[in-house]
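Peer 1: sequence below, structure please.
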Amino acid sequence: MSSPELPTEAPGPDVPRWAAQPTYSNLGEIRAHLLPAKACRSRASGSLSTDQESSPPPLPKKTLARTRSLPPRVAGTPSPNPGQPRRRFLGSLSVNESWAGAHKAGLACSPANLPFEWPDAHLDLSLRDLSRLEAVDAALEARQLKGLHTMHARLKARLLGGHPGPCHPGHSFRLLDRSPCVESGDTLYYRMVRVDEEAWHVLAAKVPKPGTKEPHPWGLELQASLPPHFNLQGLCGLVPEGALPDTPWRGPVMLTAEVPERTVAQWLAEVHAQRPSELAWAIALMLLQLSAALEHLEDRGAVLTELRPENLLLAVPRGCPTHGPPRLLLADSGHARPQPPGLPGTHALQLGRLLHELLGPSMPVATPLALGLRHLAAQLLHLRPSAAQTRCALQTLLWGPGPELNSHTAPLGSWLRVRRTLLVLHLAERAAGGEAPGLEDWLCCEYLTEATEASLGHALALLWH
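Peer 2: Next up, the predicted model:
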């Protein structure tokens, strides 16, 4: 979590309070800018004359159209109030900016973001192509896929943004709580604040439990060398010994970028009251994120020797509501080893057993998703697919296609085009209602931007053959 330096006083008047009060402007000041300048209007202040002939004739009455009389703010236009810095309009209606901004938004945005305000040539279609349905379909499909890539990239930037980076000697530290926020199988996590001259970050101190096995140095070096990944715990360095007085631990400890909320084992003990369909959906989303983390490790020639619910962490994704799907963090890199050559699917057995444990004996198989998860667990133990293949199968269980398209002659390409169209419409409808996309939307965007007819066919074959 990243934020400016810790505030010491209440925010000043320049801080927008969009939910509580709109921004209003002085209409008199705006109208003064609209009146034409006249040379004969120069008069000494205080020389008020009663001579009506010397006064300038009255201005003709004119009806001013508000949408035309309130020009938009563009670069180089002075603010009506010179003493107040110009702020970027964020959402609340203001007379001087929102009316004009709604009609002239193209002046404040790059042309690439507003294709509908550009001529027909932007469609990359000639007049002859408009009469050919296949050319129109190809242009729309390409533009749709490009839009999904853009949405996926922007959501990823929001969900992964604000990474605190490594520690340096100028940092100072503060312990927020003397009791751990989360206790995993091998580790205690304490909330901390790291402060430098420009920013502060809420991080977690990762303190090994007494008597736990020493982590393997190869796995720790691997974790420290990996670039930031949404489902892998990120390290930010060490809290030096003596940097904090009277800590609940001794010696230097590692700092992690994300503060966990609970473990998967704790979550599983709390969710038995959920409906079976919601529970199966949440399990599938968590296992999807876990398979993405394991795929990242397999791509780098690493295998995790232990997968346990008590060592899998859950955190609230950045910019998402707390009641939404959690972010899963794989934090057990000390148990990573080099992957033996020629053994694909090294995590399949552990994933299959973990899925059986998450579903539990009491999970009914009446819902299609629960039935599909049980079938996937059996396939993991039998076929031993890679983590990438497991991730594709979980995406298919969550968002389709269903088993009815499990054939070599099924129109998977047509299904994919329709599914992309429905996702774009779904996100647009929610955005029009003011709802921001979240973790599940990003994961679905990722699926539909990467999916091909071949990958859909392989996922269906793994699930239902």
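Peer 1: gap between residue 253 and residue 208?
Peer 2: 8 Å (C-beta to C-beta, to the nearest Å). (Glycine included, C-beta is placed from N, CA and C.)
Peer 1: next: residue 139.
Peer 2: Counting by C-beta to C-beta, the gap from residue 139 to residue 208 is 57 Å.
Peer 1: what's the answer for residue 237, then?
Peer 2: Residue 237 is 16 Å from residue 208, by C-beta to C-beta.
Peer 1: quick one on the thing from earlier: between residue 253 and residue 208, point out the one with more neighbours.
Peer 2: Applying other C-beta atoms under 10 Å to residue 253 and residue 208 shows that residue 253 carries more neighbours, namely 21 against 17.
Peer 1: what bridges to that one?
Peer 2: residue 239 (DSSP bridges).
Peer 1: so it touches residue 238, yeah?
Peer 2: Yes. Contact status for residue 253 versus residue 238: in contact at 6.8 Å, counting by C-beta atoms under 8 Å.
Peer 1: where are the low-confidence patches of the protein?
Peer 2: 1-131, 362-364, 408 (pLDDT under 70).
Peer 1: pull the residues that contact the strand or helix carrying residue 393.
Peer 2: According to DSSP states H and E, residue 393 maps onto helix 387-399. In this structure, residues lying in contact with helix 387-399 by C-beta atoms under 8 Å, 6 or more residues apart in numbering are 281, 284-285, 287-288, 291-292, 294-295, 297-298, 345, 347-348, 351, 369, 372-373, 376, 379-380, 385, 419, 443-444, 447-448, 451, 455-456, 458-460, 462-463.
Peer 1: again, but for stretch 199-218
Peer 2: By C-beta under 8 Å, 6+ apart, stretch 199-218 touches 1-6, 164, 175-176, 180-182, 186-194, 236, 239, 248-249, 253-260, 331, 333-338.
Peer 1: now do stretch 310-321
Peer 2: Counting by C-beta under 8 Å, 6+ apart, residues outside stretch 310-321 touching it are 1, 158-162, 182, 184-187, 233, 258-265, 267, 286, 290, 322, 324-332, 436, 438-439.
Peer 1: buried subset of those residues?
Peer 2: 158-159, 162, 182, 184, 186-187, 233, 258-265, 267, 286, 290, 325-332, 438-439 (16 or more other C-beta atoms under 10 Å).
Peer 1: am I right that residue 174 sits in a strand?
Peer 2: Yes. According to DSSP: H, G, I helix; E, B strand; the rest coil, residue 174 belongs to a strand.
Peer 1: tell me what it is bridged to.
Peer 2: residue 193.
Peer 1: list the contacts of it.
Peer 2: Counted by C-beta under 8 Å, 6+ apart, residue 174 has contacts 192, 193, 195, 244.
Peer 1: pretty sure the last one sits against residue 175.
Peer 2: Yes. Applying C-beta under 8 Å as the test, residue 244 and residue 175 come out as touching, 5.6 Å apart.
Peer 1: hey, where'd the helices end up in the stretch 251-400 of the chain?
Peer 2: Listed in chain order, the helices of the stretch 251-400 of the chain (DSSP state H, counting those that start in this stretch) span 264-270, 276-299, 348-359, 368-383, 387-399.
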